[in-house]
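> Predicted model and sequence below, questions to follow.
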Amino acid sequence: MNKIAIFTSGGDSSGMNAALRSAVRTALNLGVEIYAVYEGYRGLVDGKEKIKKLTWDDVGGILQLGGTVIGTARCQRFRTRAGRLRAAHNLIENGIDALIVIGGDGSLTGADIFREDWPGLVQELVETDEIDSKTAQRYPNLHIVGLPGSIDNDMYGSDMTIGADTALHRIVEAIDAIGSTAASHQRSFVVEVMGRNCGYLAIMSALATDADWVFVPENPPAPEEWKNEMCQSLRAGREAGRRDSTVVIAEGACDSDGNPITSQEVKEAIESQLGEEARITILGHVQRGGSPSAFDRNLGTLLGHAAVEHLTETKPEDVPQLIGIRGNRVIASPLMDCVDRTQEIAKLAQAHQYDKMREMRGWSFTSVYEILHVLLQAEPDPPPKIERKLRLAVMHSGGPAPGMNTAVRAAVRWGKNQGHTMLGVHNGYPGLVDNDLNELSWMDVSGWSNWGGANLGTNRFVPQKGDFYAIARTLEEQKIEGLLVIGGEAGYDGAYEMFDRRREFPSFNIPIVCLPATIDNDRPGSELSIGADTALNSIVSVVDKIKESAVASRRCFVVETMGEHCGYLAFMSGLATGAERVYLHEDSPTLKDLQNDLDQLVTGFIGGKRLGLVIRNEDAHPIYTSDFMARLFEAEGGDLFDVRQSILGHLQQGGSPSPFDRIQATRLAVHCMDYIIEQALSPDPGSAFFGFRGGKIDFTGLEDYVRLADQTLGRPKTQWWLDLRDIAKVMAEPASHP
Ligand code: ADP
């Protein structure tokens, strides 16, 4: 391999800049030259100033920008061989024979055609005397690697595409905003979102908000029935007390005969059948824009890094790969296989083969759709035949985490839909001790999907000694047969204590299930906990602002995040904001580390740097506190730079939950309820804690809690994200190459 070029193509999406920055810095760290091609394939065909070598600093300050700073364009000429011949010439002229393409299936197809054509194109350039044969010998092959860049999340081979999460943020913000005005006037709204063949954005935004109906390409309703079905449901919602109705429609929605369902038709159906005004909002390009979410920044960073590493290790005979993620892991899959399958889904839509289309969707379409269908109803389904009507309780414990209410809403509705009684315990374990709980109805939890905080109340109280008698009495009196604890460390500790005493207190011999909800992301058995994504986004948006405030002076910021002994928030926010150093309890900093970091800061500022950013986890070190560090840096920085510290505090625990936290809280709650119901009916009920592992929801028996958790430090004994430390290092400082 000679040199690498990177470009973005097709529709732009937020997070592409993170991928660019990461690829550039990874390449430079490996001593490989890297070029940007401006304006996608058009720049490749035009060459000259459109292909530019990039330096470390060229990609500074772009992480927080939406879109793509190197531009993107559609290009007809590249579809012709003549166009590709020019492109090959332009690359060879710059010494490039490896490409990182960030885009959708169209862009990736173009790259593969180019790769296949390459030897012939090089030959032709020799024959027309544009290059000599010696040069041709240096470029026998074109190496390519693809990254999925699309807001639609429609690419096979990756759980998420770069930009989809940010688009969901925009949509969910908009639907929340529309919901509040709709409720004020008792109006109906039809919200149209992007997605021609893929209902991801529509279905997930409907799941994350309090939408009442949704139309997606994958699940087309019968042509003669959809208007009545929808209107009946909306009417039932109003009768049950809803003040507004929101219908989410994907732009590619159609009926089962393939006739498009338009926003206008939906509006007219509502107006004629319900006799009320309906308004249409087409979100359009709002969905593409704006600063990337924390997730998209980190996804772009991981994939950009992996793309370069992959190219440097690739051999000519290797089939080209698409780099994507599954769960939290980077994976590579054959590029054209991913493209073919992606395009096959579009063909299935055209052929009206919707069953197959649903089957091929990677994000377990059917289960998400089923959950959505239950939750958006105005009232539960008619009670199914059940063995026994159970009384199940749900509660919080631990610090507040955005998404707690979302989880309660899903748990209550899922349980009630199966005919069981749902009880809400107030204020965590003290509510169980004091018998402070009440039955929750279907409409009691209406609108809870987007509320921050914890409506049932939460605190860090863990029951001790005599409390267990009181709790046992409450469980007996209330005839509680299953308990869902949505929370963090205190929740898990309390649940384990009860589980451990089930021989002593027979009423504890019920399924006790923990759902990880803490911004700290420190629960064993789960790679992610509810609330952490929202907290991360809150931190990132504040740090972006803090960085901007420093334009006028040379300044270093010491930002302190929450997390107790778990460095997840500090580390991931550092990665997403471009911090040069992150201090974690996991890598307890020494005085020598501080000295080295200080030396580097000083060198940086002498070299013209204007801004420094270090992020410190609140419990990173008992002596080297944020205040200590700020004073140390200030004293040593002298006239060169000044230092400000910023302790972010409780803004991290608040706020409306992010789309990801809402979606995952809902999915987790449903899984937990299914488990509780199943176990409650079994003679020897199990207890468990749930979580995400390898992209799937799974559970671990509560008996394993002590084995998997470091109880002194309150975090899992192994933490997956620590593996990302090397990448963070690469992003933060250039390696010196002779
Ligand atoms: P996306 O990558 O988002 O699917 P497009 O399908 O519009 O977007 O593709 C973007 C660009 O990729 C096109 O304008 C064209 O330059 C190039 N491209 C797409 N398909 C091909 C193809 N079959 N052959 C050559 N180039 C292609």
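Nice, I can see it. Numbering: from 1, shown residues only.

> any idea where the helices of the stretch 351-500 of the chain begin and end?
Using DSSP state H, counting those that start in this stretch, the helices of the stretch 351-500 of the chain run over 354-360, 365-375, 404-417, 429-433, 467-477, 489-500.

> Ok, the stretch 601-738 of the chain next?
Under DSSP H, counting those that start in this stretch, the stretch 601-738 of the chain gives helices at 626-637, 659-680, 705-708, 725-732.

> Need the contact partners of the third one.
The one in question is helix 705-708. Contacts to helix 705-708, defined as Cβ atoms under 8 Å, 6 or more residues apart in numbering, come from residues Tyr492, Tyr496, Pro524, Gly525, Phe689, Thr700, Pro716, Lys717. To be clear about C-beta, it is placed using only N, CA and C from the backbone, and glycine gets the same treatment.

> how close does the last one get to the ligand?
Shown here: Lys717 relative to the ligand, a distance of 43 Å by Cβ to the nearest ligand atom, to the nearest Å.

> Next one: that residue, what pLDDT does it get?
Listed pLDDT for Lys717 reads 97.

> likewise the first one?
In the prediction, the pLDDT value recorded for Tyr492 is 98.

> Kindly report the same for the fifth one.
At Phe689, the predicted lDDT confidence score is 98.

> Test my guess that it contacts Val513.
Yes. Contact criterion Cβ atoms under 8 Å: Phe689 and Val513 qualify, at 7.2 Å.

> Find residues that contact each of the two.
Here Phe689 and Val513 have Ala495, Phe699 as joint contacts, going by Cβ under 8 Å, 6+ apart.

> So the residue in the stretch 501-650 of the chain positioned nearest to the ligand: helix, strand or coil?
Using Cβ to the nearest ligand atom, the single residue of the stretch 501-650 of the chain nearest to the ligand is Ala576, 24.6 Å away. Under DSSP: H, G, I helix; E, B strand; the rest coil, Ala576 falls in the helix class.

> what about it, neighbour count?
Look at Ala576: counted by other Cβ atoms under 10 Å, it has 27 neighbours.

> For it, give me its contacts.
For Ala576, the contact set (Cβ under 8 Å, 6+ apart) comprises Leu63, Ala294, Arg297, Asn298, Thr301, Leu536, Val540.

> and Gly525, what does it touch?
Shown in contact with Gly525 (Cβ under 8 Å, 6+ apart): Pro516, Phe689, Phe690, Gly691, Arg693, Asp698, Phe699, Thr700, Asp704, Leu708, Pro716.

> Report the buried members of those residues.
Pro516, Phe689, Phe690, Gly691, Arg693, Phe699, Thr700, Pro716 (16 or more other Cβ atoms under 10 Å).

> The fifth one: what's its closest spatial neighbour, skipping adjacent residues?
Spelled out, it's Arg693. In space, Arg693 comes closest to Glu527 once its chain neighbours are excluded; the distance is 6.1 Å by Cβ to Cβ, 6 or more residues apart in numbering.

> got it, and Tyr469?
Once flanking residues are discounted, Tyr469 sits nearest to Phe505: 7.8 Å by Cβ to Cβ, 6+ apart.

> was I right about that neighbour contacting Arg473?
No. If you go by Cβ under 8 Å, Phe505 and Arg473 don't touch, sitting 9.4 Å apart.

> on that earlier part again, going by neighbour count, which of the contacts of Ala576 comes out on top?
Ranked by neighbour count (other Cβ under 10 Å), those have Arg297 at the top, with 32 neighbours.

> Please report the distance of that residue from Leu28.
Distance of Arg297 to Leu28, computed by Cβ to Cβ, to the nearest Å: 19 Å.

> about what we covered before: tally of neighbours for the residue nearest to Tyr469?
Using other Cβ under 10 Å, Phe505 has 16 neighbouring residues.

> from the middle of its chain, how far away would stretch 101-117 be?
How far stretch 101-117 lies from its chain's middle: 26 Å, per Cα atoms, centre = their mean, to the nearest Å.

> Please spell out which residues along it are buried.
Of all the residues in stretch 101-117, those buried under the rule 16+ other Cβ under 10 Å are 101-112, 114-115, 117.

> tell me the contacts of Met731?
Contacts of Met731 were listed using Cβ under 8 Å, 6+ apart, and they are Arg21, Ser22, Arg25, Thr301, His305, Leu575, Gly578.

> which element is the residue of the chain found nearest the ligand on?
Per Cβ to the nearest ligand atom, Gly106 is where the chain lies closest to the ligand, at 1.8 Å. Here Gly106 sits within helix 105-127, counting by DSSP states H and E.

> Kindly reformat the contacts of Ala576 as CSV containing secondary structure, pLDDT and distance to Gly487.
Formatted as CSV, the contacts of Ala576 follow (DSSP: H, G, I helix; E, B strand; the rest coil; pLDDT from 0 to 100; distance: Cβ to Cβ, whole Å):
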residue, secondary structure, pLDDT, distance to Gly487
Leu63, coil, 96, 32
Ala294, helix, 98, 22
Arg297, helix, 98, 28
Asn298, helix, 98, 25
Thr301, helix, 98, 30
Leu536, helix, 98, 19
Val540, helix, 98, 24
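
> mind listing which of the contacts of helix 705-708 are in strands?
Phe689, Thr700, Pro716 (DSSP state E).

> what's the neighbour count on the closest residue to the first one other than its chain neighbours?
The shortest distance from Phe689 to any residue that is not its chain neighbour, by Cβ to Cβ, 6+ apart, is 3.9 Å, and that residue is Cys514. Cys514 is flanked by 33 other residues according to other Cβ under 10 Å.

> For Cys514, list the residues it contacts.
Cys514 makes contact with Val485, Ile486, Gly487, Gly491, Tyr492, Ala495, Arg523, Ala688, Phe689, Phe690, Leu702, according to Cβ under 8 Å, 6+ apart.

> looking at those, which has the most residues close by?
In terms of neighbours by other Cβ under 10 Å, the contacts of Cys514 top out with Gly487 at 34 neighbours.

> Can you give me the neighbour number for Lys465?
When counting by other Cβ under 10 Å, one arrives at 6 neighbours for Lys465.
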